[in-house]
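Asker: what follows is a predicted protein model with its sequence.
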Amino acid sequence: MEDIIRYVTNNYPTILKLTIEHLYLVSISVGAAIFSGVPIGILITKDKKLAEKVLYVASVIITIPSVAMFGLMIPILSMVNRGIGFWPAAIAIFLYSQLPIIRNTYTAINNIDPALREAAKGMGMSDWQRLSKVEIPLAVPVVMAGVRMAVVMNIAVATIAVYIGAGGLGTIINEGITGTNSTKLIVGAVAVSLLAIIADYLFLLLQKILTPKGLSEVTS
Amino acid sequence: MIRLENLTKHFEVPGKEPIIAANNVSMEVGKGEICIFLGPSGCGKTTALKMINKLIPKTSGKIYIDGKDTDDLDAITLRREIGYVIQQIGLFPNMTIESNICVVPDLLRMDKKKSREKASELMDMVNLDPSIFLKRYPRELSGGQQQRIGVIRALAADPPVLLMDEPFGAIDPINRAVIQDEFLKMNAELGKTVLFVSHDINEAIKMGDKIAIFRDGILEQCDTPDEILSNPKNSFIKDFVGTDRALKRLTLIKVSEAVLPFLAAVKAEDSLEKAENKMRDRNVHLAVMVGPQGRARGYLTREKIKGEEGGMVGEYISPIPGTIHENDNLHDAVSQMYVHACDWLPVVDDNGTYKGFITQHIIASMLGETPRKRGDKIT
């Protein structure tokens, strides 16, 4: 225990730097995944067959073990001279994030009461107005749950990214394993776990803030 | 106001004959009229309604609103000029009641301040306090309150036409009667042309100026409720309106239309002779005694005072069986007669003042096979 405290107090600038690196990697990748996943999720509600295919592909991607995924990225990105470092890791995380985000968006839009859609249409809203005024606001809580899942999952996945030179908190864990240094191992593992728990909590808060007032519990 | 010409809808079914949901439907609804589309489920009444605001594309035929061919209007413009109310209400849960009501005015970019004022006015009309409800969300309201908002949301942009798809079908019977009355009162003021889908014959009789009965996509009969009840065109309609159609007609006639006005009112201090003369002159068998405020106090019959001489009305009086309000309908009146086991009832107004009486005999004569026009009086 003392070792751990000593390690942390002596190395906290490094730990902080690695944490920021870690977060940077996850937030850029998941952020990009929101911009692709949400429109895809909305789009596939128009076509059930397409939806099945898209969700199937996304499910296959998520089953690829992260080590294998990073390994796959190397030869592909080597062609544009980005074989190791930030890019392959970011792209892998971006791909992993697709399933929770697309699936939740698709489910949320699909589960909107058909009566609301009919009312919106019957009152003369265009497709875009119906999406922006009714369907998207109502889908936000479920979409945010998907984003939250992607963030938490990929904070863990990003730990592996150290093996392709993307840095992050995985660095400490890796050093702990290779140097049989249990202090480093524990510090790294705890740091990643804490990061995941805090991110989960913050996103839960964000989800609540973004939920339209009329949908949250009645307060009277 | 609304004219349908040979309106037809075929739903294509792969590998089978197409389903004909509307077959050459032609009809016309005048300005300010409420027309009920009535029929069993699957008869095409909802399809016919939804073709009018292009929620269902028509196969062939024409729809004119106010003389304009709706083919010339794009669907979105058309829908914003037609109020639309559905059974499932469909208030947007993410918007306050106020925003819900103002959806169409906002889509049309009407003045925000004016549309908000209008929202308050409309809420007053359905007896919901704007200061309490405007800032609430739909889920904080009961079903009946939500549907009132659903109705006024359709009226917010002041469209001349209102389409209502079983609007009160999901509301409990007590609330339904109240909301129906409110709607009738409101529309008497607003004068919208209303097309209203229902599967409830009693609702149709109560709400409709006209009833259009559909079967298998065919418009079987389109007439006033009274005409449909007294002259059903074929056996299907006869069955559909029910064997008690004569009794249903009773709900169409107000007590005030059937009352024998002020006939044979006598006072306690009148002589029996005077009372008897009065009854003989008017050819009625009973006389009602009124008090100083004009209230019915009791009655006497010709039989009872036969052979009596020299007395006063007050000595021979029997208590009245009950009273019926002049604004009630004959259905209520007959029901009251059965409750009190009598064949006549004195009619009173809001103040309890005696206005005349009705008898079962008069009611029976009003239900002859000839349909009456609204406002006709028995003379």
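Answerer: Alright, I've got the coordinates.
Asker: for stretch B:23-31, what is the average pLDDT?
Answerer: Computed over stretch B:23-31, the mean pLDDT rounds to 92.
Asker: same thing with stretch B:350-364?
Answerer: Mean predicted lDDT for stretch B:350-364 stands at 84.
Asker: what's the span of that stretch from first residue to last?
Answerer: 26 Å (Cα to Cα, to the nearest Å).
Asker: and the contacts of that stretch?
Answerer: For stretch B:350-364, contacts defined as Cβ atoms under 8 Å, 6 or more residues apart in numbering or on different chains pick out B:250, B:255-256, B:258-263, B:265, B:286, B:288, B:290, B:293-296, B:323-326, B:330, B:333-334, B:337, B:343-349, B:378. The C-beta positions use only the backbone N, C-alpha and C, and glycine is treated the same way.
Asker: which ones among these lie within strands?
Answerer: B:260-261, B:265, B:286, B:288, B:290, B:296, B:324-325, B:344-348 (DSSP state E).
Asker: filter the residues you listed down to the buried ones and express that as a PyMOL selection.
Answerer: This is the PyMOL syntax for the buried subset of the ones in strands among the contacts of stretch B:350-364, where burial follows 16 or more other Cβ atoms under 10 Å in any protein chain shown:
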select buried, chain B and resi 260+265+286+288+290+296+324+325+344+345+346+347+348
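Asker: just send the ones in strands among the contacts of stretch B:350-364 back as TSV, with distance to chain A too.
Answerer: What follows is the ones in strands among the contacts of stretch B:350-364, written out as TSV (distance: Cβ to the nearest Cβ, whole Å):
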residue	distance to chain A
B:Leu260	50
B:Pro261	48
B:Ala265	56
B:Leu286	57
B:Val288	54
B:Val290	53
B:Ala296	49
B:Ile324	42
B:His325	39
B:Trp344	50
B:Leu345	46
B:Pro346	49
B:Val347	45
B:Val348	44
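Asker: pLDDT weak spots in the stretch 201-350 of chain B?
Answerer: Applying pLDDT under 70 to the stretch 201-350 of chain B flags residues B:261-264.
Asker: please enumerate the helices of it.
Answerer: Under the criterion DSSP state H, counting those that start in this stretch, the stretch 201-350 of chain B carries helices at the ranges B:201-207, B:225-230, B:235-241, B:245-250, B:255-258, B:272-282, B:302-305, B:330-340.
Asker: interface residues of chain B facing chain A?
Answerer: B:53, B:55, B:76-80, B:84, B:86, B:88-96, B:103-104, B:107, B:137-140, B:153-154, B:163 (Cβ under 8 Å from any Cβ of the partner chain).
Asker: filter the residues you listed down to the buried ones.
Answerer: Buried among the residues of chain B next to chain A (16+ other Cβ under 10 Å): B:53, B:55, B:76, B:78-80, B:84, B:86, B:88-96, B:103-104, B:107, B:137-138, B:140, B:153-154, B:163.
Asker: show me the residues you listed that map onto helices.
Answerer: Counting by DSSP state H, those place B:76, B:78-80, B:103-104, B:107, B:153-154 in helices.
Asker: contacting residues for B:Thr170?
Answerer: Not Thr; residue B:170 is Ala. Counting by Cβ under 8 Å, 6+ apart, B:Ala170 has contacts B:87-89, B:143, B:147.
Asker: hmm, try it at 10 Å
Answerer: With contacts taken as Cβ atoms under 10 Å, 6 or more residues apart in numbering or on different chains, B:Ala170 has the following neighbours: B:86-89, B:143-144, B:146-147, B:176.
Asker: ditto for B:Pro160
Answerer: By Cβ under 10 Å, 6+ apart, B:Pro160 lies in contact with B:1-2, B:31-32, B:65-66, B:81-83, B:190-193.
Asker: for B:Arg374, give me the pLDDT.
Answerer: B:Arg374 is given a pLDDT of 46.
Asker: now the contacts of B:Ala170 in a markdown table, with pLDDT?
Answerer: What follows is the contacts of B:Ala170, written out as a markdown table (pLDDT from 0 to 100):
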| residue | pLDDT |
| --- | --- |
| B:Ile86 | 93 |
| B:Gln87 | 90 |
| B:Gln88 | 91 |
| B:Ile89 | 91 |
| B:Gly143 | 88 |
| B:Gly144 | 89 |
| B:Gln146 | 93 |
| B:Gln147 | 92 |
| B:Arg176 | 90 |
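Asker: quick one: which of the residues you listed is nearest chain A?
Answerer: Of all the contacts of B:Ala170, chain A sits closest to B:Gln88, with 3.4 Å by Cβ to the nearest Cβ.
Asker: ok, and the closest non-adjacent residue to the closest one?
Answerer: A:Ala115 (3.4 Å; Cβ to Cβ, 6 or more residues apart in numbering or on different chains).
Asker: so the one you found sits against B:Tyr84, correct?
Answerer: No - between A:Ala115 and B:Tyr84 there is no contact under Cβ atoms under 10 Å: 11.7 Å.
Asker: may I have the phi/psi pair for B:Asn283?
Answerer: Main-chain torsions, B:Asn283, degrees, to the nearest 10: phi 60, psi 40.
Asker: check which helices and strands the biggest helix by length in chain A sits against.
Answerer: Looking across chain A with DSSP H, the single longest helix is helix A:2-43. Secondary structure elements in contact with helix A:2-43, counted by 3 or more Cβ pairs under 10 Å, 6 or more residues apart in numbering or on different chains; DSSP states H and E, are helix A:48-63, helix A:86-110, helix A:136-160, helix A:170-178, helix A:182-210.
Asker: could these go into CSV alongside mean neighbour count, distance to B:Glu17 and mean pLDDT?
Answerer: Compiled in CSV, these are given as follows (neighbours: other Cβ atoms under 10 Å in any protein chain shown; distance: least, Cβ to Cβ, whole Å; pLDDT from 0 to 100):
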stretch, mean neighbour count, distance to B:Glu17, mean pLDDT
helix A:48-63, 14, 26, 94
helix A:86-110, 23, 32, 93
helix A:136-160, 22, 40, 93
helix A:170-178, 19, 66, 91
helix A:182-210, 16, 50, 92
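Asker: for chain B, which of the ones you listed is the nearest?
Answerer: Among the helices and strands packed on helix A:2-43, the nearest to chain B by Cβ to the nearest Cβ is helix A:136-160 (4.3 Å).
Asker: the closest one close to chain B?
Answerer: Yes - judged by Cβ under 10 Å from any Cβ of the partner chain, helix A:136-160 comes into contact with chain B at A:136-138, A:140.
Asker: is it true that B:Pro346 touches B:Arg295?
Answerer: Yes - contact criterion Cβ under 10 Å: B:Pro346 and B:Arg295 qualify, at 9.3 Å.
Asker: which residues do those two both contact?
Answerer: Counting by Cβ under 10 Å, 6+ apart, the residues touching both B:Pro346 and B:Arg295 are B:320, B:323, B:354.
Asker: how far away is the last one from B:Ile324?
Answerer: Think B:Tyr354. 11 Å (Cβ to Cβ, to the nearest Å).
Asker: anything in contact with each of those two?
Answerer: With Cβ under 10 Å, 6+ apart, B:Tyr354 and B:Ile324 have common neighbours B:346-348.
Asker: report the buried residues of stretch B:129-136.
Answerer: Buried, per 16+ other Cβ under 10 Å, within stretch B:129-136: B:130, B:133-134, B:136.
Asker: just the helices in the stretch 1-150 of chain B please.
Answerer: With helices called from DSSP H, counting those that start in this stretch, the stretch 1-150 of chain B shows them at B:45-52, B:75-80, B:97-101, B:103-107, B:112-125, B:130-133, B:143-155.
Asker: so what's the residue count around the residue nearest to B:Arg249 when sequence neighbours are not counted?
Answerer: Of all residues not flanking B:Arg249 in the chain, B:Leu229 sits nearest, at 4.7 Å (Cβ to Cβ, 6+ apart). For B:Leu229, the tally of surrounding residues (other Cβ atoms under 10 Å in any protein chain shown) stands at 27.
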